[in-house]
Structure formats: structure tokens, C-alpha cells
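> Fold the following and give me the result.
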Amino acid sequence: MRKGPLRLLIILSSLVLLTISCGKVTQEVAEKTDKDVKTFDLLFKVDAIRPTDPRLNPKIVLHKDEQYLSLLNEFELNKSLNLVVVVQGIKENEGLTNLSWGKVELKEAKPPKEAPKEPTSSELLEGLRETVSTDNPIAETSTDNEEVLQEEDEKEKEPSYTQVAYNQHKLKITASNYNDAFLKLLPVTEENEIKKYQVDVKAIKIRYDYDAYVIKVFSGKNKYRLYSFTKQTAEDNQSYTIGTLSLYQTFVNTLFLTSLKDNDYMLENVVSPSYEMFNRLYPPEFFESLEAYQLPKNTVKKFKERVPEFDFSKDVLVDEFVTIMEIMLTTSKADAKRYIDEHKKLPLSKVSKRFIKSRIDAFILPEDEAAQSESTTTENVSNDD
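Residues are numbered from 1 along each chain as shown. Next comes the predicted model:
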């Protein structure tokens, strides 16, 4: 009778140990799988501008000046600035997936209050001298100059900022990790007598298994920077350092991402033009010819910080530039040039129109590129024979 309960206890203990052992094996396999996933790191910077920047001073520049209007596209570092970064992967025919997310909240720190100091003996003596020489105009001028210098010193003092970084779960972070991008305001530098403010961004452990990638940086739905790159670029770089995201790169990406969305995220060049193709048709020289370029408005009704969407399809320039590319690829170069000449909605100068038409003439179409590649291969085979 005693052996029955004892045997039952031994069986139950064995089952518990077996369950724990299996659980441990499953956990180790999961950890091993995570470690086996190939990833890469992203490093880049984003510019910001203070409202005290002399290039924004109406006494120095005209408010209709192109440089002034261009600076309005910059992130403004005033009393505060909240900046968000999202790295997304693009899957063919599927759309966008968040891979890394980060946010930094910058707030101007209040200067510490200085406790009143007891005057030293020399300061007391100086005060007596000023009292004695109240009728001396030279002494008054000297005091006035000292006050002016003091005011100038106070104006030149740069504000300091408190900064707190968060991940997608609204938890404070101090470094980048898997799914977490880390943003940090760098120390102020000076370039050509202009103070330069930059936010450094690091996003590590980005997965390789996506067809393309896009970076979205924003402080609101209409103040943003965009950047995209290919799967090949990611695979060629274990650590991809981009540099500073520019307004020109953002301009090209407004066209590329609009076209990509219109074509249901197909990445075939004949159907859906690549970023590189838009870059060839509308190079930096053309962008510089655009008068007072302003970021197109994002017409998404509900802009979500967690999963940001951008829609530029209602912007005239974006719509027209994408249309010109589509006509060139699907119809002919001649029709694309005729569209530029005849379409009244295209708000471009004659110089800009001539520039685009020259780029169309020089553009190597996907089918021409394929034919050239095939011809080169045939020549190589013939030479080998």
C-alpha cells in the first residue's frame, strides 16, 4: 500500500523535471535564433536651427529671400523640440513595417539663480569712488559702457537643453538597442560664424531581410526629413553611416514614396521608379533651380507618431514630377517633353523646364540598360571564344 503513493510521487516529479527541461531547450533555441538573425546599424544626423540665427533676422535678410524661405524647412530648436525617428522596412507588394523607433524631448534649461554675494572690500572702495565722482562725465560713460558689455555678454550666452530619450513603449532610454533608436543633441559648433545645432541618431540591430528601407524624422506631420536606401546598400554595410539628412534627399523621397504607394509597393523599375531613377531625373542642380522650395504638406488626416504616414499626392509639384517620370517610362521621352511644354499646371521657370528636358534626353531607360548589359555580356563571350 505504501509503494503506490511513492511510485505516483516519483512519476509526477519526473514529469515536472521533463517539462522544465523542455522549456529550457525552447528558450535556448529562441535566443539562438535571435542571435543568428543578421542585422546592421544606422548612423546619421539631423540639423536644427535656433530662431536667433542671423539668417532669419529681418534686419539682415529679406523675408522673401530664397535662403530665408529654405530655412523655414528646418527643425526649429526654440524653447523646446520633440523629434521622432522611425526606421521602416519595405516588403515587395506589402508596404511598410516599423523596425526601429525613438524620440527625444529637448527643453531649454532655466539658468541657475545665483545667490547674492557680499561685496568685497575692493568693490566697496570702488563704490565710494563712484559716489565721489558723480559729477565726472567720464566716470558715467565708463559705467554705461560696462553695462552695454554686460548686456552683450548675456545675449551671447547659448541656452542649455535638458534632453530625455524614449523608446516606442514610452520608456526612457540611454542608448540604442533592438527596435530602439537613440537621439541626442550634440554640443554646439560654429561654421562660417553661424552656430550649428545637430541631433545625432543611432539605430542598431536593423534586420537585413527587407527589400528596401526608409527613414522618417519629424517634429510634426508637416516638418520632416526622409531618406531611403536599397537592400543592397544595407547588405554592403554592417554599419551604414549616412551623414546629415538633407532637404534635397527629402525632396526626392517625396516623389519616390508617392510613386511607390501609387504602385502598391512594387519595386520593379519599369512599373515603379526607384529612388535612384528619380535622383537621375531630378538631380541636385535641378533642385537648386526651384524657387523658394517648401516641403509639401502631408495630407494624412490622422497623423500617428507611432506609425507615421505621409501623403503628398495632392501637392502640385510632387504630382507633376511623378507624372513626368511615369510618361517617360510607360509612353516615350518625346511625350514626356511635350507634357512639360504644354501642361499649364506645372509651375516651373523656363530654365527649370529646359533642364528637365535635357535630363530626359540623357536618361537611360530600364530597357536600354538591359540591352546594354546583354550586349556587353555577348561581347565578353565572343572575346573568350
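
> list the contacts for the nearest residue to Arg50 once chain neighbours are set aside?
Nearest residue to Arg50, sequence neighbours excluded (C-beta to C-beta, 6 or more residues apart in numbering): Leu77, at 5.4 Å. C-beta coordinates here come from the backbone N, C-alpha and C atoms, glycine included. By C-beta atoms under 8 Å, 6 or more residues apart in numbering, the contact set of Leu77 is Ala48, Ile49, Arg50, Leu106, Tyr161, Tyr197.

> Tabulate those residues (CSV), appending pLDDT, neighbour count and secondary structure.
Shown next, in CSV, are the contacts of Leu77 (pLDDT from 0 to 100; neighbours: other C-beta atoms under 10 Å; DSSP: H, G, I helix; E, B strand; the rest coil):
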residue, pLDDT, neighbour count, secondary structure
Ala48, 96, 19, strand
Ile49, 93, 20, strand
Arg50, 92, 16, coil
Leu106, 97, 22, strand
Tyr161, 95, 17, strand
Tyr197, 96, 22, strand
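
> which residues of the chain score low on pLDDT?
For the chain, the stretches with pLDDT under 70 are 1-36, 58-69, 113-156, 269-270, 369-385.

> can you map out the helices along it?
Here the chain has its helices, by DSSP state H, at 3-36, 66-71, 121-132, 137-156, 231-235, 247-262, 275-281, 284-289, 316-330, 333-342, 350-362, 366-384.

> Thought Asp335 was touching Thr323, still the case?
No: in this structure, Thr323 is not within contact of Asp335 by C-beta atoms under 8 Å, at 11.0 Å.

> any idea how far the nearest residue to Asn73 once chain neighbours are set aside is from Asp53?
What sits nearest to Asn73 in space, not counting adjacent residues and going by C-beta to C-beta, 6+ apart, is Leu295, at 5.2 Å. Shown here: Leu295 relative to Asp53, a distance of 18 Å by C-beta to C-beta, to the nearest Å.

> of Thr323 and Asp335, who's got more company?
Thr323 (16 against 13; other C-beta atoms under 10 Å).

> Identify the residue nearest that one in space, chain neighbours excluded?
Using C-beta to C-beta, 6+ apart, the closest residue to Thr323 is Tyr339 (7.3 Å).

> what's the neighbour count on Gln198?
Number of residues near Gln198 (other C-beta under 10 Å) recorded here: 17.

> What is the most widely separated pair among the contacts of Leu77?
Using C-beta to C-beta, the contacts of Leu77 span at most 14.0 Å, a distance reached by Ile49 and Tyr161.

> ok, the closest residue to Ser80 other than its chain neighbours to Ile206 distance?
Of all residues not flanking Ser80 in the chain, Lys107 sits nearest, at 4.7 Å (C-beta to C-beta, 6+ apart). Per C-beta to C-beta, Lys107 is found 29 Å from Ile206.

> And the strands in the stretch 51-200 of the chain?
75-76, 80-91, 95-108, 161-166, 172-173, 181-185, 189-191, 194-207 (DSSP state E, counting those that start in this stretch).

> and Lys314, which of those strands is closest to it?
strand 95-108 (20.0 Å).

> Name the residues of that closest one that are buried.
Residues of strand 95-108 classed as buried: Leu96, Leu99, Ser100, Trp101, Gly102, Lys103, Val104, Leu106 (neighbour count, 16 or more other C-beta atoms under 10 Å).

> Now do the contacts for Phe312.
By C-beta under 8 Å, 6+ apart, the neighbours of Phe312 are Thr254, Leu257, Thr258, Pro296, Lys297, Asn298, Thr299, Val318.

> Does the fifth one touch Asn222 like I think?
Pointing back at Lys297 there. Yes: applying C-beta under 8 Å, one finds Lys297 in contact with Asn222, separated by 5.6 Å.

> ok, back up a step: which strand residues sit across from the residue nearest to Ser80 in the sheet?
Beta-bridge pairing for Lys107 (DSSP bridges): Ser80, Thr162.

> and it, how far is that from Phe278?
38 Å.

> just Gln88 next, same as before
Applying C-beta to C-beta, the value for Gln88 to Phe278 is 18 Å.

> now swap in Glu305 and tell me
Look at Glu305 and Phe278: by C-beta to C-beta, they are 27 Å apart.

> same deal with Leu329?
Leu329 is 11 Å from Phe278, by C-beta to C-beta.

> Check Tyr213 too.
Noted for Tyr213: a distance of 16 Å to Phe278, by C-beta to C-beta.

> Count the residues that sit near Leu83.
There are 24 residues near Leu83, going by other C-beta under 10 Å.

> related to what we said a few turns ago, which of the buried residues of strand 95-108 lies closest to Asp361?
For those, the nearest to Asp361 is Leu96 (34.6 Å; C-beta to C-beta).

> pretty sure that closest one is touching Gly89, no?
Yes: counting by C-beta under 8 Å, Gly89 is a contact partner of Leu96 at 7.2 Å.

> Among the buried residues of strand 95-108, list the two that are farthest apart in space.
Greatest spacing in these, by C-beta to C-beta: Leu96 and Leu106 (27.0 Å).
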